[in-house]
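Trainee: Have a look at this prediction, sequence included:
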Number of protein chains: 2
Amino acid sequence: MTSGADVDAVARAAGPHVAELMERVEGRLAELSGDHGAVLARHAGATIAAGGKRLRPLLVFLAAGEASGAAAVRERLVRAAAAVELIHSASLVHDDVLDRAPLRRGAPTVVAQAGRTAATATGDLLFSRAFAELAAGGEIADVRALSAAASALARGELVQRADAWDAGVPLARYLHRCELKTGSLFEAAGRLGALAAGGPADALAAFGRRIGLAFQLLDDVLDVAGPASRTGKARGTDLLDGTVTLPLILAREHDPALAALDVRTLRTPAEAEAVCDRIAATGALAAAKERALAVVAEARAGLPALPSRQREALELVAAGVVERYA
Amino acid sequence: MTSGADVDAVARAAGPHVAELMERVEGRLAELSGDHGAVLARHAGATIAAGGKRLRPLLVFLAAGEASGAAAVRERLVRAAAAVELIHSASLVHDDVLDRAPLRRGAPTVVAQAGRTAATATGDLLFSRAFAELAAGGEIADVRALSAAASALARGELVQRADAWDAGVPLARYLHRCELKTGSLFEAAGRLGALAAGGPADALAAFGRRIGLAFQLLDDVLDVAGPASRTGKARGTDLLDGTVTLPLILAREHDPALAALDVRTLRTPAEAEAVCDRIAATGALAAAKERALAVVAEARAGLPALPSRQREALELVAAGVVERYA
């Protein structure tokens, strides 16, 4: 899913109803960021717009399949998709506050425009609006799925902070953190779509969780592999931030110098890039990518019996996650 | 409500079931802060414990009245009370991040113990847990009431930030901000209690909103009136922070120097205290207190027909808000 074109291709494969639903969720998000006055519209609108490719809303709609025909089902799906994207946007706004980030995808961040206090409140408001959106829909199962995901997302941040600077973090703990941080919201997307359509919710939730996990693993590979011209950030940014990820976890098995590395000693982008080179020299990038591909394969293998058009669209999403790396 | 003793007195007046429910909510909050691993328990536990007098949970139970007898109703009430207090705690944790506050009620804040990233995530987690708690209870009306309050609270913060440093902020806008920031969560407390008990939800929600508004007005009076020995902070702290409140809004009508004041020029606590003295000299503190008392009177007058014991307990809460100032 590197470009809007990929999302469009998936929407085409899934059928015209998906393109229509994607348009509706866009309209809903614009409404929601507008209806709390100019402040929110001005600041959060940019972040919601810059949030990216709407992969999570797309997954909501694909998990629903063709059953998204009835008007009430469509309304529920649009609410669910908007709510998932609002939680995602809220977490981006809070991340930008913490990172003091000036830009996100080329647009000024909320914190850059409005300051820390307003940005923190804006994140809280997007968060609240997500639940208000589902509450208005009246489906308690949807609220349950979203609150579980939102809790997991915050726990993932706490685990990441607790493990910061620890180059010896165990693989299992790293994978669990990725499931919490990224897998959980994709899981909710799969579940919410299936719930609305009366489909196999647990199976589609598991598909979402795995796709989200693979997405995070490949993101972490890209941070080490670069190139910066493609990722838009210097190689080793995570390392400088104290975030130890899959490539280093795998590489330290093969390189005693990496096994002995104290991440806190890395001060400059050049030092971080040198570590990235050492990691690459161990073959850990290929191994990490292998692992991500295995998770994608697991996601595909776990798909239940579905109408062929729906399955094809979900397979395209799985392939899109992998293509980001290729 | 200046001390735990006041809450105890209200609980006694309301009947032994309230004391029991207050104990249960305390246990639930301890569980919720403990079940996400040591990190959350260690950090957020202190903030939840330091959150204060559990005025919002108390209001949930009082709004329910004696009808809180059935086990299912009690369970719903405990969930609602815990959820309201979790939202309150989440907002305190985020406030402390923004203020870089070292202590809250004598206990180290989450941000002081764990840093900005972990504290922001902890606030988000408490927030999510509040909705998870209500989702587990299965009552969509409860989710609706809480998400409305949480949205209002965040909007109140945004309005406060937008109006910062503006000494000319209109009275109506100030009052609206206070309803959003403080009234909304008290409103939710009244509504949630009444909903669980099948009582008059709108009337008890309105009571809560007014009590919350009066609470905020008197809090703002205390910031100017002091004494610091009682409030635990220097007079004029809000002014130094750019927050213009009722005393100054009323005083500027009577003192041209205050009407011309540029709040940004205040740099030191001594300068802020001098402004507090000027405000007091206009009689604005008494006028502001009058206005708060009028809101409390309105809250009491708007109480619907209720069993005498329940009404008596709610009247005690109203009286307690006023006594904070006396």
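Mentor: Done, it's in.

Trainee: Chain B contacts on the stretch 1-150 of chain A?
Mentor: Within the stretch 1-150 of chain A, the residues that sit near chain B (C-beta under 8 Å from any C-beta of the partner chain) are A:36-37, A:39-40, A:90-91, A:94, A:97-98, A:114-118, A:120-125, A:127-129, A:131-132, A:134-136, A:138-140, A:143-144, A:146-148, A:150. No exception for glycine: its C-beta is placed from N, CA and C like everyone else's.

Trainee: From those, which land in strands?
Mentor: Using DSSP state E, no member of the residues of the stretch 1-150 of chain A next to chain B falls in strands.

Trainee: Tell me the buried residues within those.
Mentor: Judged by neighbour count, with 16 or more other C-beta atoms under 10 Å in any protein chain shown as the criterion, the buried members of the residues of the stretch 1-150 of chain A next to chain B are A:36, A:39-40, A:90-91, A:94, A:97-98, A:114, A:116-118, A:120-125, A:127-129, A:131-132, A:134-135, A:139-140, A:143-144, A:146-148, A:150.

Trainee: Which of those residues fall within helices?
Mentor: Of the positions in these, A:39-40, A:90-91, A:94, A:97-98, A:114, A:116-118, A:120-125, A:127-129, A:131-132, A:134-135, A:140, A:143-144, A:146-148, A:150 sit in helices, assigned by DSSP state H.

Trainee: All the helices of the stretch 201-326 of chain A, in order from the start?
Mentor: For the stretch 201-326 of chain A, helices defined by DSSP state H, counting those that start in this stretch occupy the ranges A:201-225, A:228-231, A:237-240, A:246-251, A:256-259, A:269-281, A:284-301, A:308-323.

Trainee: mean pLDDT lowest for which of these?
Mentor: Mean pLDDT values for the helices of the stretch 201-326 of chain A show the minimum at helix A:228-231, a mean of 82.

Trainee: Can you tell me which helices and strands that one packs against?
Mentor: helix A:201-225 (3 or more C-beta pairs under 8 Å, 6 or more residues apart in numbering or on different chains; DSSP states H and E).

Trainee: Pop out the phi and psi values for residue A:109.
Mentor: Here the main-chain torsion angles of residue A:109 (degrees, to the nearest 10) amount to phi -80, psi 170.

Trainee: cool, and residue A:15?
Mentor: phi 120, psi 160.

Trainee: residues contacting it?
Mentor: With contact taken as C-beta atoms under 8 Å, 6 or more residues apart in numbering or on different chains, residue A:15 is in contact with A:66, A:309, A:313.

Trainee: for residue A:138, same thing?
Mentor: If a contact means C-beta under 8 Å, 6+ apart, then residue A:138 has residue B:140 as its contacts.

Trainee: With residue A:102 instead?
Mentor: Per C-beta under 8 Å, 6+ apart, neighbours of residue A:102: A:108, A:109, A:112.

Trainee: Quick check, pLDDT for it.
Mentor: The per-residue confidence score, pLDDT, reads 83 for residue A:102.

Trainee: how far away is it from residue A:219?
Mentor: Distance check for residue A:102 against residue A:219: by C-beta to C-beta, to the nearest Å, it reads 21 Å.

Trainee: Over to residue A:273?
Mentor: When distance is defined by C-beta to C-beta, residue A:273 is 18 Å away from residue A:219.

Trainee: try residue A:97
Mentor: Using C-beta to C-beta, one gets 21 Å for the distance from residue A:97 to residue A:219.

Trainee: who touches the spatially closest residue to residue A:242 that is not a sequence neighbour in this structure?
Mentor: Spatial nearest neighbour of residue A:242, excluding adjacent residues (C-beta to C-beta, 6 or more residues apart in numbering or on different chains): residue A:164 at 3.8 Å. Listed by C-beta under 8 Å, 6+ apart, the contact partners of residue A:164 are A:241, A:242, A:243, A:244.

Trainee: Phi first, then psi, for residue A:105.
Mentor: Backbone torsions for residue A:105, taken as degrees, to the nearest 10, come to phi 50, psi 40.

Trainee: My guess is it contacts residue A:48. True?
Mentor: No - proximity of residue A:105 to residue A:48 does not meet the contact threshold set by C-beta atoms under 8 Å, at 11.4 Å.

Trainee: which one of the two has more residues nearby?
Mentor: For residue A:105 against residue A:48, the residue with the higher neighbour count under other C-beta atoms under 10 Å in any protein chain shown is residue A:48, and the figures read 25 against 13.

Trainee: Point me to the helix or strand that includes that one.
Mentor: Element membership for residue A:48 (DSSP states H and E) is helix A:37-50.

Trainee: Give me the average confidence score over the helix or strand following that helix.
Mentor: Downstream of helix A:37-50, the first helix or strand assigned by DSSP H and E is helix A:55-64. Here helix A:55-64 scores 95 as its mean pLDDT.

Trainee: Please apply the same query to stretch A:184-192.
Mentor: Stretch A:184-192 comes out with an average pLDDT of 98.

Trainee: swap in stretch A:128-140?
Mentor: For stretch A:128-140, the mean pLDDT works out to 96.

Trainee: Compute the number of surrounding residues for residue A:72.
Mentor: Residue A:72: 9 surrounding residues under other C-beta under 10 Å.

Trainee: State the helix or strand in which it lies.
Mentor: Taking DSSP H and E as the criterion, the element that holds residue A:72 is helix A:71-99.

Trainee: now that helix: how far from the chain's centre is it?
Mentor: Relative to its parent chain, helix A:71-99 has a centroid offset of 11 Å by C-alpha atoms, centre = their mean, to the nearest Å.

Trainee: now stretch A:302-313
Mentor: Averaging C-alpha positions (C-alpha atoms, centre = their mean) puts stretch A:302-313 22 Å from its chain's average.

Trainee: Any idea how far apart the tips of it sit?
Mentor: Stretch A:302-313 has its terminal residues 15 Å apart, counting by C-alpha to C-alpha, to the nearest Å.

Trainee: what's near enough to touch the closest residue to residue A:279 other than its chain neighbours?
Mentor: In space, not counting the residues next to it along the chain, residue A:279 is nearest to residue A:251; the distance is 4.3 Å by C-beta to C-beta, 6+ apart. With contacts taken as C-beta under 8 Å, 6+ apart, residue A:251 has the following neighbours: A:258, A:278, A:279, A:282, A:284.

Trainee: how far away is the first one from chain B?
Mentor: Distance from residue A:258 to chain B, counting by C-beta to the nearest C-beta, to the nearest Å: 25 Å.
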